[in-house]
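Undergrad: below are the sequence and a predicted model for it; my questions follow.
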Amino acid sequence: MSRRGRRQSEPTYGGALPWLLALPARMRVRPLLIAGILALVMGTYGHLLLTAPPMPPHKAPTVDQEIAETSRPAHH
């Protein structure tokens, strides 16, 4: 009994998009492709971190400011 495999050169029932998305797996380059995309994303993120302007200074509210805001009577 011989098994007949599907022809890989033509798109399957799902259409062209699933066929194209499965192409790296069929070519057995999936780990290489994932590593390449991961390196690209990490490089882009690193570039963003290095070239971003510094965060503006932030003054944290003090306890005195919070008490003064909550103790004021509400104006109607």
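TA: Okay, I see it. Numbering: from 1, shown residues only.
Undergrad: shaky segments in the chain?
TA: Scanning the chain with the threshold set as pLDDT under 70 gives 1-12, 55-56, 59-76.
Undergrad: mind listing the strands for it?
TA: Ranges of strands within the chain: none, based on DSSP state E.
Undergrad: list the buried ones in the longest helix seen in it?
TA: Taking DSSP state H as the assignment, the helix of the chain that covers the most residues is helix 30-51. Within helix 30-51, no residue is scored as buried using 16 or more other CB atoms under 10 Å. Every residue, glycine included, has its C-beta placed from N, CA and C.
Undergrad: what's that helix in contact with?
TA: By CB atoms under 8 Å, 6 or more residues apart in numbering, the list of residues contacting helix 30-51 from outside reads P24.
Undergrad: now do L33 against A39, distance only.
TA: Using CB to CB, to the nearest Å, one gets 11 Å for the distance from L33 to A39.
Undergrad: that should have said Y45, apologies.
TA: To A39, Y45 is 11 Å away according to CB to CB.
Undergrad: before we move on, what about G14?
TA: When distance is defined by CB to CB, G14 is 29 Å away from A39.
Undergrad: also L23?
TA: In this structure, L23 and A39 are separated by 20 Å, where distance is defined by CB to CB.
Undergrad: again, but for V29
TA: Applying CB to CB to V29 and A39 gives a distance of 15 Å.
Undergrad: next: L32.
TA: From L32 over to A39 the distance is 11 Å, taken as CB to CB.
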